[in-house]
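Chemist: sequence? don't have it. structure:
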């Protein structure tokens, strides 16, 4: 039988969140209703249905022509931090005017289960995390520990819920009083149009236009507040928006649009179709760099929310994270593993880093500290997905990037549970590398194929990459992966093989930038 040469698709925007839900990739379509060649819209995701592509990866990000593996570079060590639990929560906050760099702030539970928490911060120029002071929290405060921040009139403020507010002077934290508020019931703070906004479970207050810590109601200073019209429950979290801010309850969300009227600076309006965010959720919202609207993981799934309406985006993502199975791939055994979600639901949070990467961190629920093992990354510029496998607490921008000397990619960092900061390394020779599986390549519905050769472009060093062929005989049951050795050592190596099966899946494990993948095979017998 003559050989068939087939170039694999490495640019499909459709992404498989769960490998068990990915069917066979039939190259010869025949009587196939799964894919319409008449669909040509560049924005219609249906154009990718049925095209053979990547169906699992970790530590892999989209590249210009395909995919590339990534590694991790150490940026900040966790020195100067005693104890066994670091940290409970970390926030990435902007620095005040005149202070170089960004700032990381953390509360550290040095002795798990105790009520005394130590405050640490890291700013550009610091050699390590710097101890600042400590706070004592009750069990109620501990269970609702969502640290928030506000940057108002050139000053930075951080609020620990039901506890108090601190300001940053460039080198140390100083307690400040929010005049006119009962801080024992205040949940958090944000900023909007020059106002500091504070909220309790039932009310929202905005500060004076003269003094951001003065909330005493006054027609002269503009300070005021009250209940939120349209709110269908307790107020759990507020997020800034380019037109004001958005208030979330556990059932719905309400927009507060800036009016320019000093007496009534914000007009409240219920957002059509907007879901809620529960009390236990942390970091569920982030601003979309393109539209200026808010990405938020709500009770309706991941939504893009404007001040008037909410739109569900990436419903497949919500189906996976909200499902009952947690999927992973073991790099040692080369086998998929699934964890029953009933043992602990898949927890998650949302960030946007470098005004480009939408980061959805997730993992089986763990507490004290709250950590995630994986992150799905949506590149908003390239409109494609990648995935990281790295235990972390949050995604942040590189705090040393004060003068813009870092590119967008080198600005993308993860902070692990020990307090160590890691930069996601997009270099061609990034250490550790990633894992990617493509397939399930099948010529037709009823014929087996023998894979003769795999041509790869581009691999810097074949010693840093292992390629496996994982075949099935019945179309669905994976056999033990077989390592394929290259016959060339240049950056476009060839991997010969003679394995026969109904379909073939290729595992790439190591360091690679996969721009082109060519399969050579011949048709074999019927199953």
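Modeler: Noted; the coordinates are in hand. Only a predicted model underlies this, so the values are computations on that prediction, with no experimental measurement involved. Numbering: from 1, shown residues only.

Chemist: what sits against the residue most central in space within the chain?
Modeler: The centre of the chain sits closest to residue 359, judged by CA atoms, centre = their mean, with a distance of 1.8 Å. Contacts for residue 359 (CB atoms under 8 Å, 6 or more residues apart in numbering) come out as 350-353, 375-377, 395. Where you see a C-beta, it was placed from the backbone N, CA and C, and this is true even at glycine.

Chemist: same question for residue 211.
Modeler: Residue 211 sits next to 179, 221 when contact means CB under 8 Å, 6+ apart.

Chemist: returning to that earlier point: could you flag which of the contacts of residue 359 are buried?
Modeler: 350-353, 375-377, 395 (16 or more other CB atoms under 10 Å).

Chemist: export the residues you listed to JSON lines and tack on distance to residue 425 and pLDDT?
Modeler: Listed next are those as JSON lines, based on distance: CB to CB, whole Å; pLDDT from 0 to 100:
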{"residue": "350", "distance to residue 425": "23", "pLDDT": "90"}
{"residue": "351", "distance to residue 425": "19", "pLDDT": "89"}
{"residue": "352", "distance to residue 425": "20", "pLDDT": "89"}
{"residue": "353", "distance to residue 425": "15", "pLDDT": "87"}
{"residue": "375", "distance to residue 425": "15", "pLDDT": "95"}
{"residue": "376", "distance to residue 425": "19", "pLDDT": "95"}
{"residue": "377", "distance to residue 425": "14", "pLDDT": "95"}
{"residue": "395", "distance to residue 425": "15", "pLDDT": "88"}
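
Chemist: C-terminal to the least confident helix or strand in the chain by mean pLDDT, what's the next element?
Modeler: Using mean pLDDT, DSSP states H and E, the weakest-scoring helix or strand in the chain turns out to be helix 139-143, at a mean of 51. Moving toward the C-terminus from helix 139-143, the next helix or strand (DSSP states H and E) is strand 148-152.

Chemist: could you name the helices and strands sitting against that following strand?
Modeler: Strand 148-152 sits against strand 89-93, strand 155-160, strand 188-192, strand 195-199, with contacts defined as 3 or more CB pairs under 8 Å, 6 or more residues apart in numbering; DSSP states H and E.

Chemist: what about those, which gets the closest to residue 506?
Modeler: Taking CB to CB, strand 89-93 is the member of the helices and strands packed on strand 148-152 nearest to residue 506, at 37.7 Å.

Chemist: the closest residue to residue 156 other than its chain neighbours: neighbouring residues, count only.
Modeler: Counting by CB to CB, 6 or more residues apart in numbering, the nearest residue to residue 156 once its immediate chain neighbours are dropped is residue 168, at 4.3 Å. For residue 168, the count of nearby residues is 23 (other CB atoms under 10 Å).

Chemist: do the same with residue 67
Modeler: Counted by other CB under 10 Å, the residues lying close to residue 67 total 25.

Chemist: averaged pLDDT, stretch 65-76. What do you get?
Modeler: Stretch 65-76 carries an average pLDDT of 87.

Chemist: in this structure residue 20 contacts residue 329, no?
Modeler: No: contact criterion CB atoms under 8 Å: residue 20 and residue 329 do not qualify, at 11.6 Å.

Chemist: which neighbours do these two have in common?
Modeler: Residues touching both residue 20 and residue 329 (CB under 8 Å, 6+ apart): residue 336.

Chemist: which one's more surrounded, the two?
Modeler: When residue 20 and residue 329 are compared for neighbours, residue 329 comes out ahead with 19 against 12, by other CB under 10 Å.

Chemist: per-residue confidence for that one?
Modeler: With respect to pLDDT, residue 329 scores 93.

Chemist: what sits against it?
Modeler: If you count contacts by CB under 8 Å, 6+ apart, residue 329 has them with 19, 56, 58, 335-337, 435, 437.

Chemist: what strands line up against the host helix or strand of it, and which way round?
Modeler: Using DSSP H and E, residue 329 sits in strand 325-330. With DSSP bridges as the test, strand 325-330 is paired with strand 335-340 (antiparallel).

Chemist: show me what counts as buried in the strand it pairs with.
Modeler: Within strand 335-340, no residue is scored as buried using 16+ other CB under 10 Å.

Chemist: so who does residue 473 touch?
Modeler: By CB under 8 Å, 6+ apart, the contact set of residue 473 is 448, 479, 501-502, 527.

Chemist: what is the burial count for residue 330?
Modeler: Other residues within reach of residue 330, judged by other CB under 10 Å, total 10.

Chemist: cool, residue 502 as well?
Modeler: When neighbours are defined as other CB under 10 Å, residue 502 has 23 of them.

Chemist: neighbours of the nearest residue to it once chain neighbours are set aside, how many?
Modeler: Spatial nearest neighbour of residue 502, excluding adjacent residues (CB to CB, 6+ apart): residue 475 at 4.5 Å. For residue 475, the count of nearby residues is 16 (other CB under 10 Å).

Chemist: is residue 475 in contact with residue 24, as I believe?
Modeler: Yes: between residue 475 and residue 24 there is a contact under CB under 8 Å: 5.7 Å.

Chemist: any common contacting residues for those two?
Modeler: Joint contacts of residue 475 and residue 24 (CB under 8 Å, 6+ apart) are 440, 442, 503.

Chemist: check what pLDDT the residue lying closest to the first one once chain neighbours are set aside gets.
Modeler: Distance criterion CB to CB, 6+ apart; nearest residue to residue 440, sequence neighbours excluded, is residue 503 at 4.1 Å. On the pLDDT scale, residue 503 is placed at 90.

Chemist: report the beta-bridge partner residues of residue 503.
Modeler: Beta-bridge pairing for residue 503 (DSSP bridges): residue 472.

Chemist: that one: what's it in contact with?
Modeler: Residue 503 makes contact with 24-25, 439-442, 449, 471-472, 475, according to CB under 8 Å, 6+ apart.

Chemist: next one: residue 256
Modeler: Residues near residue 256 by CB under 8 Å, 6+ apart: 192, 204, 228, 244-247, 266-268.

Chemist: in JSON lines: those, plus distance to residue 180, pLDDT and secondary structure.
Modeler: As requested, the contacts of residue 256 are exported to JSON lines (distance: CB to CB, whole Å; pLDDT from 0 to 100; DSSP: H, G, I helix; E, B strand; the rest coil):
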{"residue": "192", "distance to residue 180": "18", "pLDDT": "93", "secondary structure": "strand"}
{"residue": "204", "distance to residue 180": "13", "pLDDT": "97", "secondary structure": "strand"}
{"residue": "228", "distance to residue 180": "18", "pLDDT": "95", "secondary structure": "coil"}
{"residue": "244", "distance to residue 180": "21", "pLDDT": "94", "secondary structure": "strand"}
{"residue": "245", "distance to residue 180": "19", "pLDDT": "95", "secondary structure": "strand"}
{"residue": "246", "distance to residue 180": "24", "pLDDT": "96", "secondary structure": "strand"}
{"residue": "247", "distance to residue 180": "20", "pLDDT": "96", "secondary structure": "strand"}
{"residue": "266", "distance to residue 180": "17", "pLDDT": "95", "secondary structure": "strand"}
{"residue": "267", "distance to residue 180": "22", "pLDDT": "95", "secondary structure": "strand"}
{"residue": "268", "distance to residue 180": "20", "pLDDT": "96", "secondary structure": "strand"}
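
Chemist: show me the two of those residues that sit farthest apart.
Modeler: Pairwise over the contacts of residue 256, using CB to CB, the maximum falls at 192 and 228, 14.0 Å.

Chemist: end-to-end on stretch 311-330?
Modeler: Start-to-end span of stretch 311-330 (CA to CA, to the nearest Å) is 36 Å.
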